[in-house]
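[1] mind looking at a prediction? Sequence and model below.
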Amino acid sequence: MTKPFSIVKVILVMGCILSFFISSAQDYYESPKARGKLFKNEPYPSKKKFSIGISVGSATPLKSFSSTNVKNSFWDFNSVDSVKLQGFAKTGIHFNITASYLFSDGIGIMLMIGSNSNSFDINTFSSTVGIPFTTSDGYNTREYLIGPYISFSEWPKFTFEANAMVGLVTANYPAIALTIVDTTETIAFNSGKSFGYSFGGAVKYSITSKIEVSINAAYTQTTMVYPGWTDTYTLPGYYPYVISHANDIANMPMGILKITAGVVFRLY
């Protein structure tokens, strides 16, 4: 599980990055010149402060989440036990809803609830492990994040934003099954959850004073922790035989790159 000291370092780095963006945005509006033209401390564009956005797009798995190398991992049956999982995840779909409130001087706070759906590459998994497994599951990763963001405009209808958020990330690991003659062995992990962080940015175009369209890019990272798993054997005519590994913990470093498009409604 992520160590407290590591979390502190992540938050400090995020703070430094946001401080840089905030200073740059303030310098633009307070600087006496921009691209060779003189300004007189122009205020930020007047916009409604509270907004709700909806976005959809691609979710590209990174780090161990997309890895197909099982050497020295949980799935390497020829090595000593390992707690590290490889994801075999394919590029999928991301969907999110955001709520944001803009304070003065282009600085605000943002809440994001997101969902990522990624399929499990069972064919590559079976080929790599060397055993014909099957699965009917995929990944469903949820993000519950909150953090500061900055917003600034260089042209009347365009707005540029950057954000840094932290919070809870949850993810399942697909149950996989192996059938030999009439006996099926199913390996299933308990649902995982962990601390995660995200960096992102957006370009927005105003259609009206209350509606904007946006192009967004964000990256979320975490080390997903799975607290225990079960090994279940089923045979026709018999009760399932379950071996519980409740005290065993597995983990999987995850990265998700999200490129989306959406619509933003400015309410008041």
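    That came in fine, so what should we check first? Residues are numbered from 1 along each chain as shown.
[2] which residue ranges of this protein form helices?
    If DSSP state H is used as the criterion, the helices of the chain fall at 4-30, 122-129.
[3] can you flag the weakest of those helices by average pLDDT?
    Lowest mean pLDDT within the helices of the chain: helix 4-30, at a mean of 47.
[4] name the residue closest to the centre of this protein, please.
    T220 (3.7 Å; CA atoms, centre = their mean).
[5] what about the closest residue to it other than its chain neighbours, neighbour count?
    The shortest distance from T220 to any residue other than its chain neighbours is 4.3 Å, reached at S198 (CB to CB, 6 or more residues apart in numbering). (Glycine included, C-beta is placed from N, CA and C.) Neighbourhood size, S198 [other CB atoms under 10 Å]: 23.
[6] pLDDT score assigned to S198?
    So S198 comes in at 98 (pLDDT).
[7] same deal with S51?
    95.
[8] ok, it - contacts?
    S51 makes contact with A99, S100, L102, V264, F265, R266, L267, according to CB atoms under 8 Å, 6 or more residues apart in numbering.
[9] these, buried ones only, as a ChimeraX selection?
    Those of the contacts of S51 that count as buried under 16 or more other CB atoms under 10 Å are selected in ChimeraX with:
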select :100,102,264,266
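[10] want to try TSV for the contacts of S51, with distance to A250 and pLDDT as columns?
    Formatted as TSV, the contacts of S51 follow (distance: CB to CB, whole Å; pLDDT from 0 to 100):
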residue	distance to A250	pLDDT
A99	34	97
S100	36	96
L102	41	91
V264	39	97
F265	41	96
R266	44	91
L267	43	89
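[11] between the contacts of S51, which sits nearest E143?
    Of all the contacts of S51, E143 sits closest to A99, with 13.9 Å by CB to CB.
[12] my guess is that closest one contacts L145. True?
    No. A99 is beyond contact range of L145, at 11.5 Å (criterion: CB atoms under 8 Å).
[13] give me the below-cutoff pLDDT ranges for this structure.
    Applying pLDDT under 70 to the chain flags the ranges 1-47, 80.
[14] which residues in it form strands?
    Under the criterion DSSP state E, the chain carries strands at the ranges 33-34, 37-38, 50-63, 92-102, 107-119, 138-155, 158-171, 176-180, 183-189, 192-206, 211-234, 241-266.
[15] for S67, give its distance to A164.
    26 Å (CB to CB, to the nearest Å).
[16] so which of these two has more stuff around it?
    A164 (23 against 18).
[17] and that one, how far from Y219?
    From A164 to Y219 the distance is 11 Å (CB to CB).
[18] follow-up on the earlier one: now do the shared contacts for A99 and L145.
    Contacts common to A99 and L145, judged by CB under 8 Å, 6+ apart, are L111.
[19] what comes up buried for stretch 78-89?
    Buried-residue list, stretch 78-89, by 16+ other CB under 10 Å: K84, L85, Q86, G87, F88, A89.
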